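Peer 1: Provided below for reference: sequence and predicted model.
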Amino acid sequence: MNLETVLYEVRGPIAVLTLNRPDKVNAINHQMVVDLGRALDEAEGDPKVLAIVLRGAGRAFSAGFDLSADSDTAEDRLTALRAELEEDFEIIMRFWDCEKPTVAAVHKYCLGSGMELAVACDITIAAEGCRFGAPEVKFGSGIVALILPWVIGHKQAKELLLTGDDRVTPERALALGLVNRVVPEERCFEEALEVAKSIAVNDRVAVTLTKKAINRSAEIMGMRQALLQGLELDILAEAGETPESREFNRVLEAEGPKAAIAWREARLERELG
């Protein structure tokens with residue numbers, strides 16, 4: 001396939017999708033969303049493909065979504081943000097909804113909506129030394145697809161998401177139920193392939209219906225409606241603007257993330273002192 005930001009290959013009964021913007025830590029932009037959609041179309045439409053493995057090229061899995069929506073007016077920016085975030089939501093949920101089992105192999109960094117993408121896969125294999133987290137609240141952003149509470153529970157999800165912790169170890173991720181296995185980094189992709197192959201040898205109809213039955217239980221409990229409501233609140237978070245957020249974004253653009261976060265911490269200390 002002729003894709004710009006995703007590599008697609010078939011290894012026996014397994015389709016391998018590789019996020020391929022290594023110079024940008026595989027930040028997921030609009031083109032990658034389009035390419036992932038095309039790659040999933042190909043894998044889902046190929047009767048020889050029985051499972052899908054998702055991984056990242058280069059030194060990390062993914063640093064999350066690379067939001068780019070901007071405009072001259074607030075109304076136009078809100079429209080652009082909604083379109084972009086809805087597109088991002090849909091690509092995450094495609095891995096959840098895919099009739100064929102999906103396995104993520106994650107290494108080094110699995111952050112923000114990159115983590116949501118990995119969590120949306122049926123099985124997640126983590127490399128030793130990987131770091132998980134969702135730092136969105138540090139930057140005035142929300143969560144695109146709020147799957148985490150459905151996977152690890154509300155208490156644990158609140159701690160991770162409200163603190164913006166982006167240094168969660170794979171060992172803690174395993175204890176939380178965020179990932180299925182932790183293996184040496186050099187074994188991560190091979191382990192994911194082996195898991196995918198162990199699924200592929202089973203009866204394909206039984207595998208498809210079993211995944212559908214598990215997902216349907218979450219749907220009956222209202223997961224889809226809750227995620228759509230969460231998306232609406234994320235759009236509000238992304239579109240909102242206050243004097244604090246304007247100054248934070250100015251520092252962020254001029255001096256980088258560490259300086260912007262330090263500015264906010266100093267501001268809080270002044271207010272408390």
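Peer 2: Okay, I see it. Since the model is a prediction, treat every value here as computed from it, not as a measurement.
Peer 1: make it CA atoms for all contacts and neighbour counts henceforth
Peer 2: OK.
Peer 1: What are the contacting residues of the helix or strand encompassing residue 88?
Peer 2: Using DSSP states H and E, residue 88 maps to helix 74-97. With C-alpha atoms under 8 Å, 6 or more residues apart in numbering as the test, helix 74-97 has contacts from 30, 33, 36-37, 65, 67, 69-71, 102, 116-117, 120-122, 144-145, 215, 231, 235, 238-239.
Peer 1: and the residues you listed, which of them are in helices?
Peer 2: Mapping the contacts of helix 74-97 onto helices (DSSP state H) picks out 30, 33, 36, 37, 116, 117, 120, 215, 231, 235, 238, 239.
Peer 1: out of those residues, which are buried?
Peer 2: Burial by neighbour count, judged by 16 or more other C-alpha atoms under 10 Å, picks out 30, 33, 36, 37, 116, 117, 120, 231, 235, 238, 239 from these.
Peer 1: sorry, back to before: as CSV, the ones in helices among the contacts of helix 74-97 with pLDDT and distance to residue 54 would be great.
Peer 2: Converted to CSV, those look like this (pLDDT from 0 to 100; distance: C-alpha to C-alpha, whole Å):
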residue, pLDDT, distance to residue 54
30, 93, 18
33, 96, 13
36, 98, 10
37, 98, 13
116, 97, 13
117, 97, 9
120, 98, 11
215, 97, 19
231, 96, 24
235, 92, 27
238, 85, 27
239, 84, 31
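Peer 1: will you turn those residues into JSON lines that also has distance to residue 16?
Peer 2: Formatted as JSON lines, these follow (distance: C-alpha to C-alpha, whole Å):
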{"residue": "30", "distance to residue 16": "20"}
{"residue": "33", "distance to residue 16": "16"}
{"residue": "36", "distance to residue 16": "11"}
{"residue": "37", "distance to residue 16": "14"}
{"residue": "116", "distance to residue 16": "19"}
{"residue": "117", "distance to residue 16": "15"}
{"residue": "120", "distance to residue 16": "16"}
{"residue": "215", "distance to residue 16": "23"}
{"residue": "231", "distance to residue 16": "29"}
{"residue": "235", "distance to residue 16": "32"}
{"residue": "238", "distance to residue 16": "32"}
{"residue": "239", "distance to residue 16": "35"}
